[in-house]
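Peer 1: quick check, what structure comes out for this input:
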Amino acid sequence: MVSFPRLVLVGMWLLSTILQRAYHGMLIPILGFIFLPITTIAYAWMVTHGMPLEGVNVIILVVAVLRETAGPDNHSRQIPRLLALTNAVRCRALSSSISPSIRARASSSFRPDRYSS
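Peer 2: Below is the predicted model of the structure:
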């Protein structure tokens with residue numbers, strides 16, 4: 001599935017000269033199309049419109065890179081679910097490997113009133 005930033009890059013390549021003016025050659029735009037399309041668009045826009053690559057503009061590029069490397073496209077939403085699944089499996093494995101006498105001692109020594117304020 002092609003994302004919207006990739007469609008914008010194709011449109012910029014077909015309908016304008018922004019990519020040709022920002023990048024000398026097509027290797028970087030092609031790599032940008034594959035790996036970092038939003039960053040490629042932001043950098044090309046900044047360079048062709050004479051914006052300095054300092055201050056707020058660098059922050060914009062850093063945010064674009066972070067968005068593309070840690071965004072929902074990279075399954076960041078599944079990390080909490082995977083952690084919960086891993087913990088459940090680990091707890092199940094530990095509870096089955098503990099002897100019944102240790103389990104009984106642990107449950108009898110637990111007092112919930114000890115932890116209430």
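
Peer 1: Arg67: how many residues sit nearby?
Peer 2: Other residues near Arg67 number 14, with proximity taken as other CB atoms under 10 Å. (Glycine included, C-beta is placed from N, CA and C.)

Peer 1: where's it, which helix or strand?
Peer 2: Applying DSSP states H and E as the criterion places Arg67 in helix 56-70.

Peer 1: Tyr43 reaches Leu19, doesn't it?
Peer 2: No: in this structure Tyr43 lies outside contact range of Leu19 using CB atoms under 8 Å: 10.1 Å.

Peer 1: can you give me the domain assignment for this structure?
Peer 2: As assigned by automatic domain parsing, the chain contains the domains 4-74, 77-109.

Peer 1: among the ones you listed, which gets the worst mean confidence?
Peer 2: For these, the weakest mean pLDDT is recorded on domain 77-109, namely a mean of 58.

Peer 1: for burial, what's the neighbour tally of Ile34?
Peer 2: Neighbours around Ile34, by other CB under 10 Å: 10.
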